[in-house]
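**Q** Kindly generate the corresponding structure for this input.
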Amino acid sequence: MKLLLDTNAYSALARGEPAVAERVRKARLIVMSSIVVGELLYGFRCGNRLEVNCGQLDAFLARPFVAFAPAGLTTADRFSRIMSLLRRNGRPIPTNDVWIAAHTMETGTELLTRDGHFDAVDGLVYSKF
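**A** This is a model prediction of the structure:
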């Protein structure tokens, strides 16, 4: 199984939450989206442990079972389709989460998240922890 970690899943893993750690251990590959990494870096900059958090993220990204995935044109296209459909259906979700859903689809992964609003995204494979 290939997992794409949502921002809250990475944070939970960094805190040692057993449910997330177990899912990560069982995965064949962990994908870190450029969108998620951007959210993490923003959060780190808003806190008082920037260097520590960045060091931990760099070490995680360097692991052989972790792949960094930049968003591509397919993600942009899927983003536009998902946003349009959510708007038409009157079920908006946070914009960055639409990007993350679109990138999950492009990478062919399962999204691991704490957020339930992803059920509004047709065709997204995700699981909650």
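**Q** For the helix ranked longest in the chain, list every residue counted as buried.
**A** Longest helix of the chain, by residue count under DSSP state H: helix 73-89. Residues 75, 78-79, 82-83, 86 are the ones in helix 73-89 that count as buried (16 or more other C-beta atoms under 10 Å). The way it works is simple: take the backbone N, C-alpha and C, and place the C-beta from them, glycine included.
**Q** pLDDT and distance to Ile93 added to the residues you listed, as TSV?
**A** Output for these, formatted as TSV (pLDDT from 0 to 100; distance: C-beta to C-beta, whole Å):
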residue	pLDDT	distance to Ile93
Thr75	98	16
Arg78	98	14
Phe79	98	12
Ile82	98	9
Met83	98	9
Leu86	98	6
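**Q** Next secondary structure element downstream of the longest helix of the chain?
**A** Using DSSP states H and E, the helix or strand that follows helix 73-89 in sequence is helix 95-107.
**Q** Residues in contact with that next one: which ones?
**A** Helix 95-107 has contacts (C-beta atoms under 8 Å, 6 or more residues apart in numbering) with 2, 4, 6-7, 31, 33-36, 39, 69, 71-72, 74-79, 82-83, 86, 110-111, 115, 117-118, 121, 123-126.
**Q** Could you point out the helix or strand that follows that helix?
**A** Following helix 95-107 in sequence order, the next helix or strand is strand 110-113 (DSSP H and E).
**Q** now the longest helix of the chain against helix 95-107, angle please.
**A** Calculated by axes from the mean of the first three to the mean of the last three C-alpha atoms, to 10 degrees, helix 73-89 forms an angle of 130 degrees with helix 95-107.
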